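> Quick one, what's the 3D model for this:
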Amino acid sequence: MGKTDAMVPAPRYRVFVSYSHRDHAHVREIVAYLQREGLDVLWTENIRPGDGFTDQIQRFISLSHLCLVFLTPSSNARGWVQQEIGYARALKVPVLPLTAGVLPKGLIEFDQAIRLDKQTAPCFHSIFPLLTTAVRRAQRCVAYDTYLKRWINPDALQAVRLAEVIRDQVGAVAGAEMGIPSWRHVQNNADRVRLLGEYAQEMTRLGQSGMVRQKSGLTSFQTPLVGPNDTYFHVRYESRPKDYDYRRAICNERKFLTDHAAQRGTKLIINPGGDYSHYGPHSKEIRLEQLIAFLEEPDHPHVSAVVIHEANPRESLTLVGDWFSATSVEIQLAHGFRQTVFCTHAPTVTRQMAEFDQQFDLLLQRHGIPADAADAPARSRQIAVRELADILNQTATHAGESCPQCRQGLPHPTGYPSGGDI
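Okay, here's the model as predicted:
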């Protein structure tokens, strides 16, 4: 096994358990079994004091691969269980009924259920193998990614039409009153940057972390860990200055993604073929320099990177574990990514994660690096740094001769400026 195995464990599927508190003793036994089977269980005992109960329940459902509903006479008498079922249905989270003494009704009346009769009810462990099979089958459900599939390589007109489709079909789900929605669509780069940081921060606040997978131009790690007033941003956006809020959002994106990367590792597919000249004469230089510096840092042994070569990349994908994804396309020059779908629908994000890893492993193999080799991250970084350094040297001017900071003998920003923040 490679050295990164400890940082990147096998995916753990998340199951939300809906039940009546009168059935708590039985449900605790079921939860313990699911946890022994390697599943992450989200239920009322995960509720944190101080935050809204309803908001947390909705958040748990939206982040789960499966909603397991324990149906009994007590739960049927509790309207909240039916509301949780309805919420899961709205978010396209598969629902699996486990019944004892009642039949599914309402929204799940025709769903296949695991039934406990009078003989099996006192011995819950007898149905656990059946429960395991049903859970695994639900995990293989078809991901609800119709919108993403329609969105690959769109032109401007298609992107506009997509925005209308999403507003019509997903708008009800994306209401702020429903916590983290399974799908969220933004139409400008400023919102994309802001939400990337907020989603990553939210996972940290929930006590969770995930590997950062990113396929993009120069990735989020082109930004150093500096404050929004650092001179780095003057060079990066010399011709098109950005306001303080935008710069701060970029800093937050880098900081919170770095927090996840430090715990779970990073896989980067870097496409440096974009044209950044509209941002300033030295914009691409300083971005490349900072990305190379990140890849060369000794504190990042679990970072893997490959370089691909496509002129003017139009798409970007960011994943944090199987918790959320952000898929973006560029439809207007010099304005960054203009259409982004954020997704927390667990089956979809899990599929995206598997597809990313498959592509990444194939790219490693093209460089003669076995994906499971212990030194794969270090070897991949070395190759990526060489390729990026060649591109840096091929830019219009050499950084050491023309970069404003180099000409003045000033160091490039590599840490927090005095009084700066993120």
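> Pull the number of nearby residues for residue 200.
29 (other Cβ atoms under 10 Å). Where you see a C-beta, it was placed from the backbone N, CA and C, and this is true even at glycine.
> okay but it is in contact with residue 320, surely?
Yes - Residue 200 is within contact range of residue 320, at 5.7 Å (criterion: Cβ atoms under 8 Å).
> which residues do those two both contact?
257, 260 (Cβ atoms under 8 Å, 6 or more residues apart in numbering).
> residue ranges for the strands of the stretch 1-150 of the chain, please.
With DSSP state E, counting those that start in this stretch, the ranges of strands along the stretch 1-150 of the chain come out as 14-18, 40-42, 66-71, 95-100, 114-116.
> And the ones you listed: which comes nearest residue 352?
Closest to residue 352 of the strands of the stretch 1-150 of the chain is strand 14-18 (Cβ to Cβ; 15.8 Å).
> by how many degrees do that closest one and strand 95-100 diverge?
50 degrees (axes from the mean of the first three to the mean of the last three Cα atoms, to 10 degrees).
> List the neighbours of strand 14-18 that are in contact with it.
27, 30-31, 34, 39-43, 60-61, 63-70, 75, 81, 84-85, 88, 93, 135, 346.
> Surely residue 184 is within a strand?
Yes - the assignment for residue 184 is a strand, going by DSSP: H, G, I helix; E, B strand; the rest coil.
> Residue 198 is in contact with that one, correct?
No - the pair residue 184 / residue 198 is not scored as a contact, 10.5 Å apart, by Cβ under 8 Å.
> Neighbour count: the two, which is higher?
Using other Cβ under 10 Å as the criterion, residue 184 and residue 198 rank with residue 184 on top: 21 against 16.
> mind checking pLDDT for the residue nearest to that one when sequence neighbours are not counted?
Excluding its sequence neighbours, the residue lying closest to residue 184 (Cβ to Cβ, 6 or more residues apart in numbering) is residue 342, at 4.3 Å. Residue 342 carries a pLDDT value of 89.
> Likewise for the one 5 residues further on?
Note for residue 347: predicted pLDDT of 77.
> Tell me, how many residues neighbour residue 304?
Residue 304: 27 neighbours (other Cβ under 10 Å).
> Check the gap between it and residue 57 for me.
37 Å (Cβ to Cβ, to the nearest Å).
> Same check on residue 86?
In terms of Cβ to Cβ, residue 86 sits 12 Å off from residue 57.
> Neighbour count for the two, which is higher?
Using other Cβ under 10 Å as the criterion, residue 86 and residue 57 rank with residue 57 on top: 22 against 14.
> Test my guess that that one contacts residue 83.
No - using Cβ under 8 Å, residue 57 makes no contact with residue 83, being 9.2 Å away.
> Poorly predicted segments of the stretch 1-150 of the chain, please.
1-11, 101-150 (pLDDT under 70).
> repeat that for 80
Along the stretch 1-150 of the chain, segments meeting pLDDT under 80 span 1-13, 37-38, 48-52, 76-79, 91-92, 99-150.
> which stretches of it form helices?
If DSSP state H, counting those that start in this stretch is used as the criterion, the helices of the stretch 1-150 of the chain fall at 24-36, 53-62, 73-76, 79-90, 128-139, 146-151.
> Likewise for the stretch 151-300 of the chain?
Under DSSP H, counting those that start in this stretch, the stretch 151-300 of the chain gives helices at 156-170, 189-205, 231-236, 244-264, 283-296.
> neighbours of residue 246, just the number please.
17.
> Start at 46, not 1
Got it, the first residue is 46 from now on, which makes the last one we talked about residue 291.
> Give me the pLDDT for it.
94.
> Look up how far residue 281 lies from it.
11 Å.
> Identify the contacts common to those two.
In contact with both residue 291 and residue 281: no residue, using Cβ under 8 Å, 6+ apart.
> Flag the shaky bits of the stretch 196-345 of the chain, pLDDT-wise.
196-228, 230, 232, 251, 344-345.
> which parts of stretch 399-414 are buried?
Using 16 or more other Cβ atoms under 10 Å as the test for burial, stretch 399-414 gives 401-402, 405-406, 408-409, 414.
> Nearest to residue 353 among those?
Closest to residue 353, out of all of those and judged by Cβ to Cβ, is residue 408, at 7.0 Å.
> quick revisit: and of the helices of the stretch 196-345 of the chain, who's closest to residue 361?
helix 234-250 (8.6 Å).
> Could the C-alpha coordinates of that closest one be exported in PDB?
C-alpha atoms of helix 234-250 as PDB (Å, rounded to 0.1, in the frame of the first residue of the first chain):
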ATOM      1  CA  ASN A 234     -17.100  33.900 -10.500                       C
ATOM      2  CA  ALA A 235     -17.400  36.000  -7.300                       C
ATOM      3  CA  ASP A 236     -20.100  33.800  -6.000                       C
ATOM      4  CA  ARG A 237     -18.200  30.700  -7.000                       C
ATOM      5  CA  VAL A 238     -15.100  31.700  -5.100                       C
ATOM      6  CA  ARG A 239     -17.200  32.800  -2.100                       C
ATOM      7  CA  LEU A 240     -19.200  29.500  -1.900                       C
ATOM      8  CA  LEU A 241     -16.100  27.300  -2.400                       C
ATOM      9  CA  GLY A 242     -14.700  28.800   0.800                       C
ATOM     10  CA  GLU A 243     -18.100  28.600   2.600                       C
ATOM     11  CA  TYR A 244     -18.800  25.000   1.700                       C
ATOM     12  CA  ALA A 245     -15.300  23.900   2.700                       C
ATOM     13  CA  GLN A 246     -15.600  25.800   6.000                       C
ATOM     14  CA  GLU A 247     -19.000  24.300   6.700                       C
ATOM     15  CA  MET A 248     -17.500  20.800   6.400                       C
ATOM     16  CA  THR A 249     -14.800  21.700   8.900                       C
ATOM     17  CA  ARG A 250     -17.500  23.100  11.200                       C
END
